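Student: Pasting the sequence and the predicted coordinates here, then a few questions.
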There are 4 protein chains.
Amino acid sequence: MSRIQLTLIQIDNYGPWTVTPAPRREVDLQTLQSRLYADLSQLIGNRRGYVFFTRFDNMIAVTNGLDLDDHALIQESIRNRYPISVSMSIASGDSPKTTLSKASSRLQQTGSAQDKHRTEQLCGTPLDADDWAADDVHIAHFDVNSATAEYTDSLDAFSTFIRIEQGYAELMKHFYEAHDGLSFFVGGDNVIAVSKPLSTSTYESILDHIKSTVNLELKVGLGTGPTAQDAGMAAKEALEECRHHEKDVARETIAEEGY
Amino acid sequence: MSRIQLTLIQIDNYGPWTVTPAPRREVDLQTLQSRLYADLSQLIGNRRGYVFFTRFDNMIAVTNGLDLDDHALIQESIRNRYPISVSMSIASGDSPKTTLSKASSRLQQTGSAQDKHRTEQLCGTPLDADDWAADDVHIAHFDVNSATAEYTDSLDAFSTFIRIEQGYAELMKHFYEAHDGLSFFVGGDNVIAVSKPLSTSTYESILDHIKSTVNLELKVGLGTGPTAQDAGMAAKEALEECRHHEKDVARETIAEEGY
Amino acid sequence: MSRIQLTLIQIDNYGPWTVTPAPRREVDLQTLQSRLYADLSQLIGNRRGYVFFTRFDNMIAVTNGLDLDDHALIQESIRNRYPISVSMSIASGDSPKTTLSKASSRLQQTGSAQDKHRTEQLCGTPLDADDWAADDVHIAHFDVNSATAEYTDSLDAFSTFIRIEQGYAELMKHFYEAHDGLSFFVGGDNVIAVSKPLSTSTYESILDHIKSTVNLELKVGLGTGPTAQDAGMAAKEALEECRHHEKDVARETIAEEGY
Amino acid sequence: MSRIQLTLIQIDNYGPWTVTPAPRREVDLQTLQSRLYADLSQLIGNRRGYVFFTRFDNMIAVTNGLDLDDHALIQESIRNRYPISVSMSIASGDSPKTTLSKASSRLQQTGSAQDKHRTEQLCGTPLDADDWAADDVHIAHFDVNSATAEYTDSLDAFSTFIRIEQGYAELMKHFYEAHDGLSFFVGGDNVIAVSKPLSTSTYESILDHIKSTVNLELKVGLGTGPTAQDAGMAAKEALEECRHHEKDVARETIAEEGY
């Protein structure tokens, strides 16, 4: 099964803020954005969720296990410590693609991302915390085969970055269009995706697609669990199995008793 | 003219560290990476440089104005506050592409990114601090026309992200291959590039290329200055000029007396 | 009633680390210490506990509601993001004084704070999470009457600081020796204390003692709850009541249904 | 000689902000305060200054080497990243006591710390950056003899804290009243003081005073330099000399060529 809960997190009226009254120094914006993301990682991660930086002003989180109060407290904690505030929109469903689409529509209905009067929206309804299942969340953790030897240690740093980036751009588009999954670059040569349950052969076809379109060889560890934390850690262990046994796809399940 | 100084910053032996003795929790890795980047933004930004997160384990910085002691102090400060250390390789030249290539080779010659005995390398020679020019650094700041109205407020969040990401993937590749420039996504719908001095019509052709290949309409502000901070702020002001006067390309020069 | 759970948090072998191989830069130590404290505030605060910076290398936390797994995860999160690790010792009881004494002994029995082989100890047994009461935790929040008008805006900054500091030094000693309570300076003119349940007249006698010994007039808000977060917020609201109704002592109870 | 430049840093209208519209969660305030201090440590430390947390809402910095632009940039950087802003008042002189007094008066003349219209003041005039001397700044770094063996490993954690705190309260008052120095607890068993040049026998008398009044045995390393960073590092090295040669007072001078 698959019953994923996603939260779209949007900095309120961020664009105008960055240039009012005059353009703010880029180093401060970068510091603000990356620390906000780090704090959300901790606030959501301590509740067994995952958040991805995406565009930094719009972030996407897997929030199975977080209820409305958790979301409200996170909004409050950000407002208490940053010069900006965030809106959040929650949705759940079996397909990450349609779930995020629901969350996006709900937030859009409350006003524009650049409407200065639309602040700290909290919309949507989380899953009932008592009604979870060990196979609610499916995470796929991709990385590039021999990335250090073939790229980092061999090409110049930007050429390597171009290769990784072209691979990610193709993977995020293909996985979304062909299989409803959401893929996020998380640094190094790593991409983490949330998806519906998919067969091993489907993942093999995804790896083939990436190899044939952008000539990049990936492997992937698959994990399932009641929360992003559980599924994500299972996926990491599956990826270790790929590494140690030269597999392209491996799968692990962690059936946590609850959260 | 153009005399750019670049520093390649690489976390030492990071990949193995993330899975030793077992895979570390992703939320902690994300927090570590984004805070390290925030700290480097401040450490380098307070010396008038720019750093880009790139792959997070390999970051690229524009460091005109920073000497060897500055670099060594930054390495020391990271080592004093993080469980990891960083190596740095400095190079300078008129082309960002060939300059980064030099910096990459130098670092690669000291050993593999995953060699646990190759730590805290500091290679290369910075520009003489007394020998700077007001047109040493050229920065281009791109953003997407009507991004909020046409994308963020209209499409679902991942479709918007796909559009931005495809645009960035094409821009970073094209700018590098056709004009030796290094482009970095910096959040929202913004890309900041370091380049040689290029004509306005060259930038128009780049915008045309992006429009025709990935159907994304960009505008760009161009800035020149003795440091990344100066050139970057000029580029931001030029981008404001684009916004307020509906231009595709605008240019500003800040001739700072020194740094 | 009163059934407080305290955790002593100690940086492992910190003193030697700060001077090995040579004294580390003070700004980095200050950054490390204050960020570690900020992170512990969030890690513990997100689980409804409070942590006080105390000596920074030895911190004291009120951890009602946190079980062994929570403590272990916090240790792991610190180790994943800092160049140092922490040991923790948990104890519970009705008197903060004897409870902290128990926690201290347990940690001391595992070795010296400067034994480099004694790392990441986790000792003691938390309260059963199912066995909590609405009056487990008692918090007193003190501040100085008219601190801004009489001190900050009138005296020079160090003279004000001396006044606040003498007041705190007397309060922390007196409260501990006379009533078994643990008081912590938390910034500005604020002191937060954990205590056994004490009568209003006892608090009046404490305020009298401070006034007569160091000539500082305090007021205090008292809060009770199942966790530090609940009791602490009740105490803050009680302190607001003091402010608005010119009382010296006020009391609030928040009876949360659970945590 | 002694020509110290001090900056008083005050969070604007902080008290009211912490309780508007209702008391904010203590964990967020603690996180905000300690991170603000960490950021100021880096912003000032990267310019060779020292900042002490003092009361957190009022901080005191030694800023020899920082000009008005540096101060303005730090104010801007804080405003760009925090929900609060800071005012700063600069003064210089040969006595830390009278210098801080001047800085305090100047800031007080601009309005109350709780006046919501008095924000981001920047008053006073820094020393001329070209007119520095190698003996401008004098730092004394105190610690407690055998603190780990006699206190941390032997007493309970709060009793140790009481001993350290009583010692600090006496030292900060005595040093200020008798010798015009400003002493700051910096964690562990460490106190860092800025002072006029004082003889070794004066320091011996200070240690005697602390021993006789609060029964705490200290030692002290003395450092001199053109900036806080230089003098502070010299003081640390002098303290190491005390440790290794069982001295009570030792002295080091670092004569940096400039900053």
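Tutor: Cool, got the structure. Fair warning: this is a prediction, and the values are worked out from it, not measured in the lab.

Student: and the stretch 1-150 of chain A, which residues reach chain D?
Tutor: Within the stretch 1-150 of chain A, the positions near chain D by C-beta under 8 Å from any C-beta of the partner chain are A:24-25, A:28-29, A:31-32, A:35, A:76-77, A:79-83. Placement of C-beta: from N, CA and C, glycine included.

Student: Got a quick PyMOL command for the buried subset of the residues you listed?
Tutor: Selecting only the buried entries of the residues of the stretch 1-150 of chain A next to chain D in PyMOL, with 16 or more other C-beta atoms under 10 Å in any protein chain shown as the criterion:
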select buried, chain A and resi 24+25+28+29+31+32+35+77+79+80+81+82+83
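
Student: Just the ones of the residues of the stretch 1-150 of chain A next to chain D in helices?
Tutor: Among the residues of the stretch 1-150 of chain A next to chain D, the members found in helices (DSSP state H) are A:Asp28, A:Leu29, A:Thr31, A:Leu32, A:Arg35, A:Glu76, A:Ser77, A:Arg79.

Student: The closest residue to the last one other than its chain neighbours: how many residues sit nearby?
Tutor: So that's A:Arg79. In space, and not counting its chain neighbours, A:Arg79 is closest to A:Ser85: 4.9 Å by C-beta to C-beta, 6 or more residues apart in numbering or on different chains. A total of 19 residues lie near A:Ser85 under the criterion other C-beta atoms under 10 Å in any protein chain shown.

Student: Could you check the pLDDT of A:Ser85?
Tutor: On pLDDT, A:Ser85 comes in at 98.

Student: And it, how far from D:Pro21?
Tutor: 14 Å (C-beta to C-beta, to the nearest Å).

Student: ditto for A:Gln109
Tutor: Distance from A:Gln109 to D:Pro21, by C-beta to C-beta: 27 Å.

Student: Where does the closest residue to chain C within the stretch 101-250 of chain A sit: helix, strand or coil?
Tutor: Nearest to chain C, among the residues of the stretch 101-250 of chain A, is A:Gln229, at 10.2 Å (C-beta to the nearest C-beta). Three-state call for A:Gln229 (DSSP: H, G, I helix; E, B strand; the rest coil): helix.

Student: Not including adjacent chain positions, what is the nearest residue to it?
Tutor: Sequence neighbours aside, A:Arg48 is the residue nearest to A:Gln229 in space, at 3.9 Å (criterion: C-beta to C-beta, 6+ apart).

Student: need the contact list for that neighbour.
Tutor: A:Asn64, A:Gly65, A:Thr227, A:Ala228, A:Gln229, A:Asp230, A:Tyr259 (C-beta atoms under 8 Å, 6 or more residues apart in numbering or on different chains).

Student: between the residues you listed, which is closest to A:Ala140?
Tutor: A:Ala228 (12.1 Å; C-beta to C-beta).

Student: Just confirm that closest one contacts A:Phe52, I think it does.
Tutor: No: using C-beta atoms under 8 Å, A:Ala228 is not in contact with A:Phe52, being 10.1 Å away.

Student: of those two, who's got more company?
Tutor: A:Ala228 (34 against 23).

Student: The more buried one: what's it in contact with?
Tutor: Per C-beta under 8 Å, 6+ apart, neighbours of A:Ala228: A:Arg48, A:Gly49, A:Tyr50, A:Val62, A:Thr63, A:Asn64, A:Val137, A:Ile139, A:Val194.

Student: Of A:Gln109 and D:Pro21, which one has the most company?
Tutor: Taking other C-beta under 10 Å, A:Gln109 and D:Pro21 do not tie; A:Gln109 has more neighbours (10 against 5).

Student: Quick check on the more buried one: phi, psi?
Tutor: phi -70, psi -20 (degrees, to the nearest 10).

Student: where does A:Met88 fall, phi/psi-wise?
Tutor: Given degrees, to the nearest 10, the pair of backbone angles that A:Met88 has is phi -140, psi 140.

Student: actually A:Leu8, not the one I typed
Tutor: Torsion angles, degrees, to the nearest 10, at A:Leu8: phi -90, psi 130.

Student: Report how many residues lie close to it.
Tutor: A:Leu8 has 28 nearby residues by other C-beta under 10 Å.

Student: try A:Ser183
Tutor: 25.

Student: So the residue of the stretch 101-250 of chain A closest to chain C sits against A:Asn46, correct?
Tutor: No: A:Gln229 lies out of contact with A:Asn46 (C-beta under 8 Å); the separation is 9.4 Å.

Student: Contacts only, for A:Ser34.
Tutor: Applying C-beta under 8 Å, 6+ apart, we find A:Ser34 in contact with A:Phe53, A:Phe56, B:Ser34, B:Arg35, B:Tyr37, B:Ala38, B:Ser41, B:Phe53.

Student: Can you dump the C-alpha atoms of the longest helix along chain A in PDB for me?
Tutor: As assigned by DSSP H, the longest helix anywhere in chain A is helix A:157-179. Output in PDB follows, covering the C-alpha atoms of helix A:157-179 (Å, rounded to 0.1, in the frame of the first residue of the first chain):
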ATOM      1  CA  ALA A 157      34.300  20.000 -10.500                       C
ATOM      2  CA  PHE A 158      31.900  21.800 -12.700                       C
ATOM      3  CA  SER A 159      31.800  19.100 -15.400                       C
ATOM      4  CA  THR A 160      31.000  16.600 -12.600                       C
ATOM      5  CA  PHE A 161      28.300  18.900 -11.400                       C
ATOM      6  CA  ILE A 162      26.900  19.100 -14.900                       C
ATOM      7  CA  ARG A 163      26.700  15.300 -15.200                       C
ATOM      8  CA  ILE A 164      25.000  15.000 -11.800                       C
ATOM      9  CA  GLU A 165      22.600  17.800 -12.500                       C
ATOM     10  CA  GLN A 166      21.600  16.500 -16.000                       C
ATOM     11  CA  GLY A 167      21.000  13.100 -14.400                       C
ATOM     12  CA  TYR A 168      18.900  14.600 -11.700                       C
ATOM     13  CA  ALA A 169      16.900  16.800 -14.100                       C
ATOM     14  CA  GLU A 170      16.100  13.700 -16.200                       C
ATOM     15  CA  LEU A 171      15.300  11.500 -13.200                       C
ATOM     16  CA  MET A 172      13.000  14.000 -11.500                       C
ATOM     17  CA  LYS A 173      11.100  14.500 -14.700                       C
ATOM     18  CA  HIS A 174      10.900  10.900 -15.800                       C
ATOM     19  CA  PHE A 175      10.000   9.500 -12.300                       C
ATOM     20  CA  TYR A 176       7.200  12.100 -12.000                       C
ATOM     21  CA  GLU A 177       5.700  11.700 -15.400                       C
ATOM     22  CA  ALA A 178       6.000   7.900 -15.700                       C
ATOM     23  CA  HIS A 179       5.500   6.800 -12.100                       C
END
